[in-house]
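Peer 1: Make a model of this:
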Amino acid sequence: MRRSTLAITINLYGHLFKDSADEAVLALSHALDQAASGWANREQGNGGVLRAA
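Peer 2: Coordinates of the predicted model:
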């Protein structure tokens, strides 16, 4: 069913995606933490080897 605006669609169905958005934020946060850790290791002369957290 098509809605006239995106805002109407989000108002009607947005609650269905809340958990998905939270999971995406956590996954992105974890990926960024790992990338930052990798850069820190590279700067310390570790050859850029990523290590498991």
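Peer 1: center of this structure, which residue is that?
Peer 2: Centroid-nearest residue in the chain: residue 28, 2.2 Å away (criterion: C-alpha atoms, centre = their mean).
Peer 1: Report the distance from the helix or strand harbouring that one to the chain centre.
Peer 2: Using DSSP states H and E, residue 28 falls within helix 18-43. Mean C-alpha position of helix 18-43 versus that of the full chain (C-alpha atoms, centre = their mean, to the nearest Å) differs by 6 Å.
Peer 1: quick one on the thing from earlier: next one: the residue nearest to the centre of the chain from residue 12, what distance?
Peer 2: Distance check for residue 28 against residue 12: by C-beta to C-beta, to the nearest Å, it reads 26 Å. Glycine gets a C-beta too; all of them are placed from N, C-alpha and C.
Peer 1: Let me know the average pLDDT across the helix holding residue 28.
Peer 2: If you average the pLDDT over helix 18-43, you get 84.
Peer 1: Let the chain start at 46 from now.
Peer 2: In the new count, where the first residue is 46, that last one comes out as helix 63-88.
Peer 1: Is residue 49 in a helix, a strand, or coil?
Peer 2: Under DSSP: H, G, I helix; E, B strand; the rest coil, residue 49 falls in the coil class.
Peer 1: For burial, what's the neighbour tally of it?
Peer 2: Here the number of neighbours of residue 49 (other C-beta atoms under 10 Å) works out to 7.
Peer 1: likewise residue 79?
Peer 2: Considering only other C-beta under 10 Å, residue 79 is surrounded by 14 other residues.
Peer 1: for residue 52, same thing?
Peer 2: Residue 52 has 10 neighbouring residues, counting by other C-beta under 10 Å.
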